[in-house]
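Q: can't give you the sequence, but here's the structure:
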């Protein structure tokens with residue numbers, strides 16, 4: 001009997017809406033994958049997908065975490081353990097883009113970390129910038145998150161957009177994986193909200209047939225992601241936005257965030 005995989009992909013839209021100092025908005029259609037890190041062998045058995053080697057679609061462990069060849073699930077388990085979060089052998093689900101023809105850039109990858117009773121215990125937000133740097137915000141799930149929507153927040157410590165100041169906060173509003181998924185992030189400064197960024201999508205099963213259809217529907221999507229980032233940056237620059245100074249990246253790769261939103265090592 002063939003069981004349905006937890007892994008799937010979500011077809012949907014990415015939306016960015018900047019409020020200040022110049023209004024700017026865009027929407028792109030994308031397909032983001034949710035990968036159960038325990039199912040990598042099953043995914044690897046598909047004709048159009050490979051793990052750590054080239055294919056139409058592929059996933060490489062070094063595209064996430066510390067960039068090494070260490071199995072990604074082992075890395076995330078170690079991060080959780082080091083920061084006092086016990087999930088046992090619970091599921092770790094990663095929302096990200098796969099490589100297409102060997103290329104990917106993930107501005108944000110989200111790890112949903114469950115305990116052995118399938119309760120969501122923590123979310124790891126892995127942020128990458130176009131300067132080859134990566135930083136993660138690890139936020140445990142508090143009691144208030146017992147509803148279908150998880151609300152979290154933290155102080156920004158990692159440089160991302162060259163047009164966005166560092167002195168801002170993130171407010172996350174997350175609908176965990178199900179038939180629908182939503183990742184909603186508001187970035188605010190002293191004068192109020194600056195940017196809303198969202199991804200919303202509907203679940204579709206992964207198979208060789210659906211992978212081919214997905215490629216035909218979103219051809220060369222990962223190349224379009226990086227092209228879109230630079231195109232929107234050019235539009236912002238033409239509107240009068242000026243570059244923000246880029247500080248050194250934090251000396252530590254993961255920020256653990258307390259219930260009060262205070263970032264600690």
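A: Everything's here; your move. Note that this is a predicted model, so its numbers are computed, not measured.
Q: in the stretch 51-200 of the chain, which ranges drop under the pLDDT threshold?
A: Counting by pLDDT under 70, the stretch 51-200 of the chain shows low-confidence ranges at 143-147.
Q: in the chain, which spans are helices?
A: In the chain, helices defined by DSSP state H lie at 40-44, 72-82, 208-217, 221-238, listed in chain order.
Q: What helices and strands are in contact with the third one?
A: Contacts defined by 3 or more C-beta pairs under 8 Å, 6 or more residues apart in numbering; DSSP states H and E place helix 208-217 against strand 8-18. For the C-beta atoms, the positions are set from N, CA and C on the backbone; glycine is no exception.
Q: Tell me the strands beside the strand it packs on, with direction?
A: When pairs are called by DSSP bridges, strand 8-18 turns out to pair with strand 24-36 (antiparallel), strand 192-205 (antiparallel).
Q: nearest to residue 148, of the helices of the chain?
A: For the helices of the chain, the distance to residue 148 is smallest for helix 72-82, at 23.1 Å, taking C-beta to C-beta.
Q: Report the inter-axis angle for that closest one versus strand 24-36.
A: In terms of direction (axes from the mean of the first three to the mean of the last three C-alpha atoms, to 10 degrees), helix 72-82 departs from strand 24-36 by 100 degrees.
Q: got the buried residues for helix 72-82?
A: Of the residues in helix 72-82, those with enough neighbours to count as buried (16 or more other C-beta atoms under 10 Å) are 72-73, 75-77, 79-80.
Q: tell me the contacts of the residue lying closest to residue 71 once chain neighbours are set aside?
A: Nearest-residue entry for residue 71: residue 61, 6.1 Å, with adjacent residues in sequence omitted and distances by C-beta to C-beta, 6 or more residues apart in numbering. Contact analysis of residue 61 by C-beta atoms under 8 Å, 6 or more residues apart in numbering lists 52, 68-72, 75.
Q: Could you do residue 133 as well?
A: Residue 133 sits next to 158-159, 249 when contact means C-beta under 8 Å, 6+ apart.
Q: center of this protein - which residue?
A: In the chain, the residue lying closest to the centroid (C-alpha atoms, centre = their mean) is residue 109, at 1.9 Å.
Q: what sits opposite that one in the beta ladder?
A: According to DSSP bridges, residue 126 are recorded as the beta-bridge partners of residue 109.
Q: Report whether the expected contact of it with residue 95 is present.
A: Yes: judged on C-beta atoms under 8 Å, residue 109 makes contact with residue 95 at a distance of 6.7 Å.
Q: how close does the residue nearest to the centre of the chain sit to residue 96?
A: Distance check for residue 109 against residue 96: by C-beta to C-beta, to the nearest Å, it reads 4 Å.
Q: and for these two, which residues touch both?
A: When contacts are counted by C-beta under 8 Å, 6+ apart, residue 109 and residue 96 have residue 64 as shared neighbours.
Q: follow-up on the earlier one: may I see the buried residues of helix 72-82 arranged in a markdown table, with distance to residue 222 as well?
A: As requested, the buried residues of helix 72-82 are arranged in a markdown table below (distance: C-beta to C-beta, whole Å):
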| residue | distance to residue 222 |
| --- | --- |
| 72 | 18 |
| 73 | 23 |
| 75 | 22 |
| 76 | 22 |
| 77 | 27 |
| 79 | 25 |
| 80 | 28 |
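Q: Which one of those residues is nearest to residue 39?
A: For residue 39, the closest of those turns out to be residue 73, at 10.6 Å, with distances computed as C-beta to C-beta.
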